[in-house]
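Provided below are the primary sequence and the corresponding predicted coordinates.
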Amino acid sequence: MEEDFVDAPEDCTIKEVAPALIALHPLNKSVVVAVGPELRIFDLVANCPIACQDNKDGRSHVDSIRSICFHREGELFASAGDDKLVKIWNADSWHCTKTICSEKRVSAVCFSWDSQFLIFADKFGAVWVTTTINADNLNCKTDKAKPLLAHCCSIITGLEISPCGRLIATADRDFKIRVSIFPKNPLGGAHEIQSFCLGHRNFVSCISFLGGQADCKELLVSGGGDATVCLWNFMTGQLLDTLEIGAVVGLSSYTDKVDNRTSSAVTDLSVSSDGSVVAVAIERFYGVLLLSCSLQSRKLVLLEKVGLPENFMPTSLAFDNSFCHLWMVTGAAEVVRPDSINAVESDAQGSVVATSAITCVRVIGLAHVGSDNLLKSTVLEDFAVPGGDKLLKTLQGDRIDTEAAMAAAEAANTALRNLLIKREYSTEIRENRKKKRNDKKIKNRT
């Protein structure tokens with residue numbers, strides 16, 4: 001018996017679109033935008049741009065960054081993505097202090113409450129953990145992580161540590177949210193499940209806990225591909241309230257009986273530091289929704305629909321810790337890479353290229369006014385944005401094209417939906433898809 005390999009096609013490049021992301025330092029010291037393989041950092045205290053430094057090769061990443069976050073105290077920053085690298089940065093010097101190699105592309109990252117551990121999830125459904133301390137603090141050495149928990153071959157879309165630090169929530173494309181006990185020694189794995197939050201009818205796109213350590217409210221909020229925002233008691237898994245976001249903004253809502261690629265998914269959530277306000281970004285809506293959560297009734301209530309100028313559709317949101325500003329970014333990077341068969345070699349040769357990286361940043365000013373303490377929002381002009389023109393040039397780059405950024409954001413949202421939506425196929429179609437897989441197949445001849 002001989003084994004023959006099917007030749008790979010001549011044009012085996014793959015184009016992918018990654019949305020722009022934004023993160024705020026917990027003490028409002030800096031703001032970071034990630035687009036493609038770039039980290040764009042601006043120091044809000046010194047009012048100047050910052051260049052991050054990786055002692056290994058001088059670059060932050062070589063492929064699209066898919067997740068970024070600060071530790072709650074702001075000492076550390078993490079970035080991870082499609083190059084299968086997870087990097088920990090000192091958020092003062094912006095030197096890389098540790099690099100972890102993942103077996104799969106990384107989809108989400110977060111720190112433990114005490115900053116001793118970094119947790120990240122991959123697109124195969126596994127969640128990993130590693131220490132944040134490097135054995136040699138002078139060099140960025142690579143390290144391997146330990147398995148923490150896993151979802152059954154389902155892309156992890158959200159990863160959060162609870163305000164009390166004792167629980168970890170993970171969301172996936174299979175409509176579910178799992179809340180697990182975060183052990184004292186997470187390197188041994190998280191084997192105890194606290195609850196499952198089940199109620200979304202399509203993929204869960206984002207999750208966030210409400211409240212701080214001192215006032216843990218046992219509340220979790222989530223957004224999904226079913227155009228809803230859900231409020232949960234994460235200790236019991238009870239669904240407390242559901243807000244049909246699609247209907248609120250006048251877009252198509254999700255139903256179980258139609259092709260829901262036309263419904264509008266929630267693309268991002270951000271919760272204020274006190275847990276009182278939730279900002280929501282949704283596909284095809286040029287603005288942001290502000291929701292309140294009533295602690296007495298435990299209901300989600302629409303506060304305001306904030307329309308944004310120039311057809312601005314956010315891909316990522318972040319409140320500052322003082323609850324004075326809501327930062328937003330729209331845009332994406334188109335990344336061209338060779339076929340995934342040779343992905344490891346391609347990354348090593350630096351042949352993964354971001355052909356375009358377009359971003360646009362907007363800031364909403366927030367204030368409580370009147371005897372009723374009502375929330376008032378104002379979309380800030382460029383000159384009124386903290387950091388002004390210098391910040392915008394750093395985060396947006398030399399090319400500022402709102403129409404191109406809007407088109408890039410729409411492409412990124414479509415790519416996300418195509419990746420996460422669960423499709424039903426007949427047996428015949430499934431078998432045909434298997435035959436046409438891109439990896440090299442073996443044909444046996446007798």
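Nice, I can see it.

where does Leu220 land in three-state SS?
strand (DSSP: H, G, I helix; E, B strand; the rest coil).

any idea how many residues pack against it?
Neighbour count for Leu220, taken as other C-beta atoms under 10 Å: 27. The C-beta positions use only the backbone N, C-alpha and C, and glycine is treated the same way.

is it in a bridge, and if so with what?
Phe209, Trp232 (DSSP bridges).

and it, what pLDDT?
For Leu220, the model assigns a pLDDT of 95.

ok, it touching Ser208?
Yes: taking C-beta atoms under 8 Å as the definition, Leu220 is a contact partner of Ser208 at 7.3 Å.

overlap in contacts, those two.
Both Leu220 and Ser208 are in contact with Glu160, where contact means C-beta atoms under 8 Å, 6 or more residues apart in numbering.

tell me where the stretch 201-350 of the chain has strands.
204-209, 219-224, 228-233, 238-244, 266-271, 277-282, 287-294, 299-307, 316-319, 325-337 (DSSP state E, counting those that start in this stretch).

got JSON lines for the ones you listed, with distance to Val17 too?
Below are those laid out as JSON lines (distance: least, C-beta to C-beta, whole Å):
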{"stretch": "strand 204-209", "distance to Val17": "16"}
{"stretch": "strand 219-224", "distance to Val17": "20"}
{"stretch": "strand 228-233", "distance to Val17": "25"}
{"stretch": "strand 238-244", "distance to Val17": "28"}
{"stretch": "strand 266-271", "distance to Val17": "13"}
{"stretch": "strand 277-282", "distance to Val17": "17"}
{"stretch": "strand 287-294", "distance to Val17": "21"}
{"stretch": "strand 299-307", "distance to Val17": "25"}
{"stretch": "strand 316-319", "distance to Val17": "14"}
{"stretch": "strand 325-337", "distance to Val17": "5"}
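
so which of the ones you listed comes closest to Asn185?
strand 204-209 (22.4 Å; C-beta to C-beta).

could I get the top strand by length along the chain in PDB with only the CA atoms?
Longest strand of the chain, by residue count under DSSP state E: strand 353-369. Taking Å, rounded to 0.1, in the frame of the first residue of the first chain, the C-alpha atoms of strand 353-369 are listed here in PDB:
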ATOM      1  CA  VAL A 353       1.300  40.700   7.200                       C
ATOM      2  CA  ALA A 354      -1.300  43.200   8.300                       C
ATOM      3  CA  THR A 355      -2.300  44.800   4.900                       C
ATOM      4  CA  SER A 356      -4.400  47.500   6.600                       C
ATOM      5  CA  ALA A 357      -5.000  48.600  10.100                       C
ATOM      6  CA  ILE A 358      -7.700  51.300  10.400                       C
ATOM      7  CA  THR A 359      -9.000  52.700  13.700                       C
ATOM      8  CA  CYS A 360     -11.100  55.600  14.900                       C
ATOM      9  CA  VAL A 361     -11.500  56.600  18.600                       C
ATOM     10  CA  ARG A 362     -14.400  58.400  20.200                       C
ATOM     11  CA  VAL A 363     -15.000  59.300  23.900                       C
ATOM     12  CA  ILE A 364     -18.300  60.000  25.700                       C
ATOM     13  CA  GLY A 365     -18.300  62.200  28.700                       C
ATOM     14  CA  LEU A 366     -20.500  61.200  31.600                       C
ATOM     15  CA  ALA A 367     -21.900  63.200  34.400                       C
ATOM     16  CA  HIS A 368     -24.700  62.900  37.000                       C
ATOM     17  CA  VAL A 369     -26.900  66.000  37.100                       C
END
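
relative to Leu85, which of the strands of the stretch 201-350 of the chain is closest?
Among those, the nearest to Leu85 by C-beta to C-beta is strand 325-337 (14.6 Å).

ok, Thr267 touching Cys206?
Yes: under the criterion of C-beta under 8 Å, Thr267 makes contact with Cys206 at 7.5 Å.

list the contacts for Leu300?
221, 229, 231, 241-243, 278, 291-293.

now do Ile22
31-34, 316-318, 327-329, 361.

which element is it on?
strand 21-24 (DSSP states H and E).

how far does that strand sit from the chain's center?
10 Å (C-alpha atoms, centre = their mean, to the nearest Å).

parallel or antiparallel, which strands does whatever helix or strand comes next after it pair with?
Remark: after strand 21-24, the chain's next helix or strand is strand 30-35, criterion DSSP H and E. Using DSSP bridges, strand 30-35 pairs in its sheet with strand 21-24 (antiparallel), strand 38-43 (antiparallel).

contacting residues around strand 30-35?
18, 20-25, 39-45, 50, 65, 68, 77, 79, 91, 318, 327, 329, 331-333, 357-359, 361, 387, 391, 395.

by how many degrees do it and strand 353-369 diverge?
Relative orientation of strand 30-35 versus strand 353-369 (axes from the mean of the first three to the mean of the last three C-alpha atoms, to 10 degrees): 140 degrees.

restricting to C-alpha, output strand 30-35 in CSV.
Extracted as CSV, the C-alpha positions of strand 30-35 are listed here (Å, rounded to 0.1, in the frame of the first residue of the first chain):
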residue,chain,number,x,y,z
SER,A,30,-2.8,55.1,30.0
VAL,A,31,-5.0,53.9,27.2
VAL,A,32,-4.2,51.1,24.8
VAL,A,33,-5.6,50.3,21.4
ALA,A,34,-4.8,46.9,19.7
VAL,A,35,-5.3,46.5,16.0
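
next, the angle from it to strand 325-337.
Using the same axes, to 10 degrees: strand 30-35 against strand 325-337 is 30 degrees.

could you list the low-pLDDT ranges of the stretch 301-446 of the chain?
335-356, 369-373, 398-406, 408-409, 412-413, 415-426, 430, 433, 436-446 (pLDDT under 70).
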